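Asker: Structure, please.
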Amino acid sequence: MATNIVAQEQVKKDILTCLGIWLTLELICFTILPLIELVTPGDRFQTWFLISLPMGVGGSLLTGIGTHLFWLLGNPTNLLLKALLWLIKQISVWVGLLGIAFPLLVICIEFFTELIAQQML
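Answerer: Now for the predicted structure:
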(Lines give C-alpha, C1' and ligand atoms only; values in the text may rest on other atoms or scores of the structure.)
Protein backbone atom coordinates (compact mmCIF):
# COMPACT_ATOMS: atom_id res chain seq x y z
CA MET A 1 0.00 0.00 0.00
CA ALA A 2 2.78 2.44 0.90
CA THR A 3 4.58 1.62 -2.36
CA ASN A 4 1.44 2.51 -4.31
CA ILE A 5 1.26 5.93 -2.61
CA VAL A 6 4.94 6.55 -3.33
CA ALA A 7 4.40 5.55 -6.96
CA GLN A 8 1.44 7.91 -7.34
CA GLU A 9 3.39 10.78 -5.81
CA GLN A 10 6.35 10.12 -8.11
CA VAL A 11 4.11 10.03 -11.19
CA LYS A 12 2.47 13.30 -10.13
CA LYS A 13 5.85 14.89 -9.47
CA ASP A 14 7.18 13.82 -12.88
CA ILE A 15 4.13 15.14 -14.73
CA LEU A 16 4.27 18.50 -12.94
CA THR A 17 8.03 18.81 -13.46
CA CYS A 18 7.66 18.07 -17.16
CA LEU A 19 4.81 20.57 -17.47
CA GLY A 20 6.97 23.20 -15.78
CA ILE A 21 9.89 22.56 -18.13
CA TRP A 22 7.59 22.65 -21.15
CA LEU A 23 5.91 25.89 -20.05
CA THR A 24 9.32 27.48 -19.53
CA LEU A 25 10.39 26.43 -23.02
CA GLU A 26 7.12 27.79 -24.42
CA LEU A 27 7.72 31.14 -22.76
CA ILE A 28 11.32 31.39 -23.93
CA CYS A 29 10.82 30.09 -27.46
CA PHE A 30 7.54 31.75 -28.40
CA THR A 31 7.74 34.97 -26.37
CA ILE A 32 11.21 36.02 -25.29
CA LEU A 33 13.23 35.02 -28.37
CA PRO A 34 10.87 36.82 -30.79
CA LEU A 35 10.85 39.90 -28.50
CA ILE A 36 14.64 40.18 -28.60
CA GLU A 37 14.40 39.53 -32.36
CA LEU A 38 16.57 36.46 -32.32
CA VAL A 39 13.93 34.84 -34.51
CA THR A 40 11.30 36.61 -36.56
CA PRO A 41 7.82 35.23 -36.02
CA GLY A 42 6.21 34.46 -39.31
CA ASP A 43 2.93 32.94 -40.36
CA ARG A 44 4.17 29.51 -39.26
CA PHE A 45 4.72 30.64 -35.67
CA GLN A 46 1.06 30.46 -34.67
CA THR A 47 0.78 27.00 -36.21
CA TRP A 48 3.92 25.83 -34.40
CA PHE A 49 2.53 27.21 -31.14
CA LEU A 50 -0.83 25.45 -31.57
CA ILE A 51 0.90 22.17 -32.40
CA SER A 52 3.14 22.62 -29.37
CA LEU A 53 0.23 22.73 -26.90
CA PRO A 54 -0.93 19.10 -27.21
CA MET A 55 2.67 17.95 -27.73
CA GLY A 56 3.79 19.40 -24.38
CA VAL A 57 0.80 18.22 -22.38
CA GLY A 58 0.86 14.81 -24.06
CA GLY A 59 4.61 14.54 -23.56
CA SER A 60 4.23 15.27 -19.86
CA LEU A 61 1.54 12.61 -19.54
CA LEU A 62 3.62 10.06 -21.47
CA THR A 63 6.55 10.68 -19.16
CA GLY A 64 4.25 10.09 -16.19
CA ILE A 65 3.02 6.88 -17.81
CA GLY A 66 6.64 5.78 -18.18
CA THR A 67 7.19 6.40 -14.47
CA HIS A 68 4.03 4.47 -13.64
CA LEU A 69 5.22 1.54 -15.76
CA PHE A 70 8.53 1.61 -13.89
CA TRP A 71 6.63 1.08 -10.64
CA LEU A 72 4.49 -1.61 -12.24
CA LEU A 73 7.55 -3.53 -13.36
CA GLY A 74 8.48 -4.51 -9.85
CA ASN A 75 9.76 -8.05 -10.15
CA PRO A 76 7.50 -9.93 -12.53
CA THR A 77 8.48 -13.57 -12.83
CA ASN A 78 7.71 -13.66 -16.54
CA LEU A 79 10.80 -12.32 -18.34
CA LEU A 80 8.90 -11.65 -21.55
CA LEU A 81 6.37 -9.48 -19.69
CA LYS A 82 9.17 -7.64 -17.93
CA ALA A 83 10.97 -6.97 -21.23
CA LEU A 84 7.77 -5.80 -22.90
CA LEU A 85 6.90 -3.40 -20.07
CA TRP A 86 10.47 -2.09 -20.07
CA LEU A 87 10.31 -1.42 -23.82
CA ILE A 88 6.94 0.34 -23.55
CA LYS A 89 8.28 2.44 -20.67
CA GLN A 90 11.36 3.48 -22.64
CA ILE A 91 9.35 4.39 -25.74
CA SER A 92 6.77 6.38 -23.78
CA VAL A 93 9.43 8.35 -21.91
CA TRP A 94 11.42 9.20 -25.05
CA VAL A 95 8.32 10.20 -27.03
CA GLY A 96 7.22 12.24 -24.00
CA LEU A 97 10.55 14.03 -23.88
CA LEU A 98 10.27 14.84 -27.58
CA GLY A 99 6.87 16.38 -26.94
CA ILE A 100 8.23 18.45 -24.07
CA ALA A 101 11.23 19.60 -26.12
CA PHE A 102 9.10 20.42 -29.18
CA PRO A 103 9.27 24.22 -28.68
CA LEU A 104 13.05 24.04 -28.54
CA LEU A 105 13.19 21.92 -31.70
CA VAL A 106 10.90 24.36 -33.51
CA ILE A 107 12.92 27.39 -32.51
CA CYS A 108 16.15 25.68 -33.63
CA ILE A 109 14.61 24.91 -37.02
CA GLU A 110 13.40 28.50 -37.39
CA PHE A 111 16.71 29.99 -36.24
CA PHE A 112 18.89 27.90 -38.53
CA THR A 113 16.50 28.35 -41.46
CA GLU A 114 16.81 32.12 -41.07
CA LEU A 115 20.58 31.88 -40.63
CA ILE A 116 21.01 29.80 -43.80
CA ALA A 117 18.68 32.13 -45.73
CA GLN A 118 20.78 35.13 -44.67
CA GLN A 119 23.98 33.34 -45.71
CA MET A 120 22.50 32.68 -49.16
CA LEU A 121 21.90 36.39 -49.82
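
Asker: low pLDDT regions in the chain?
Answerer: By pLDDT under 70, the weakly predicted segments of the chain are 1-3, 74-76.

Asker: With adjacent residues omitted, what lies nearest to the residue most central in space within it?
Answerer: Nearest to the mean C-alpha position of the chain, counting by Cα atoms, centre = their mean, stands Ile100 at 1.8 Å. Leaving aside its sequence neighbours, Ile100 sits nearest to Gly59 (Cβ to Cβ, 6 or more residues apart in numbering; 4.2 Å). C-betas here are computed from N, CA, C, even on glycine.

Asker: so who does the one you found touch?
Answerer: Shown in contact with Gly59 (Cβ atoms under 8 Å, 6 or more residues apart in numbering): 18, 22, 95-102.

Asker: How about the lengthiest helix in the chain, which residues are buried there?
Answerer: For the chain, the helix that runs over the most residues, judged by DSSP state H, is helix 43-73. Within helix 43-73, the residues that qualify as buried are 45, 48-49, 52, 55-57, 59-70, counting by 16 or more other Cβ atoms under 10 Å.
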